[in-house]
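[1] Sequence and predicted structure below; questions after.
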Amino acid sequence: LYPESYPHFVRGRDSLREYITSLFTSKIAIYDGAMGTMIQNYSKRNKLDEEEYRGDRFKDWNCNVKGNNDMLSITQPHVISGIYKEYLEVGGSNLIGTNTFSSTTIAMADYNMEAYAYELNYEGARLARQACDEVTAADPT
């Protein structure tokens with residue numbers, strides 16, 4: 001798909017370790033992913049209340065879930081994808097963090113959601129990978 005002379009990282013062809021080493025030794029690399037801050041900023045401009053946190057899937061959950069930002073990867077994936085893309089396109093990030101800061105069984109116990117820790121991690125990472133692929137496809141530099 002990409003010729004060997006193609007100068008940008010190609011997943012599946014290139015070594016990630018070599019790419020990151022080259023990136024960090026050849027320029028100032030930008031990493032970002034303060035998801036909590038961005039979600040708070042989003043909720044100032046848009047409605048993001050208990051109902052939005054729950055979504056359809058968790059509409060009858062047994063406790064309040066507003067504030068469980070990691071849950072938004074499942075219930076409001078467009079919000080999380082939009083933030084990822086904002087970091088990449090507007091912020092110019094080379095690397096982004098995932099929306100998984102509290103996706104542990106210990107943290108999810110606050111919401112009786114320990115059983116969802118794996119899915120939260122998976123979805124947070126999947127959305128980040130998808131955003132990176134879309135941004136890279138649009139501009140591979």
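    Good, I have the coordinates. Note that the structure is a prediction, hence the values are computed from the model and not measured.
[2] confidence score at residue 1?
    In this model, residue 1 is scored at 69, pLDDT.
[3] ugh, wrong one, I meant residue 22
    88.
[4] got the CA coordinates for the one helix or strand it maps to in PDB?
    Element membership of residue 22 [criterion: DSSP states H and E] is helix 16-26. C-alpha atoms of helix 16-26 as PDB (Å, rounded to 0.1, in the frame of the first residue of the first chain):
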ATOM      1  CA  LEU A  16       6.700   1.700  16.600                       C
ATOM      2  CA  ARG A  17       9.800   1.700  18.900                       C
ATOM      3  CA  GLU A  18      12.000   3.000  16.100                       C
ATOM      4  CA  TYR A  19       9.400   5.600  15.100                       C
ATOM      5  CA  ILE A  20       9.000   6.900  18.600                       C
ATOM      6  CA  THR A  21      12.800   7.000  19.100                       C
ATOM      7  CA  SER A  22      13.200   8.900  15.900                       C
ATOM      8  CA  LEU A  23      10.400  11.200  16.800                       C
ATOM      9  CA  PHE A  24      11.800  12.100  20.200                       C
ATOM     10  CA  THR A  25      15.300  12.600  18.900                       C
ATOM     11  CA  SER A  26      14.500  14.600  15.800                       C
END
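[5] I'd like the next helix or strand past it.
    Going down the chain from helix 16-26, the next helix or strand is strand 31-32, by DSSP H and E.
[6] Can I get the very next helix or strand once past that next one in CSV, CA atoms only?
    Using DSSP H and E, the helix or strand that follows strand 31-32 in sequence is helix 35-45. Output of helix 35-45 as CSV, limited to C-alpha atoms (Å, rounded to 0.1, in the frame of the first residue of the first chain):
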residue,chain,number,x,y,z
MET,A,35,-9.5,14.2,28.9
GLY,A,36,-11.2,15.3,32.2
THR,A,37,-10.5,19.0,31.4
MET,A,38,-11.7,18.7,27.8
ILE,A,39,-14.9,16.9,28.9
GLN,A,40,-15.6,19.6,31.4
ASN,A,41,-15.0,22.2,28.7
TYR,A,42,-17.3,20.3,26.4
SER,A,43,-20.0,20.1,29.0
LYS,A,44,-19.9,23.9,29.4
ARG,A,45,-20.8,24.3,25.7
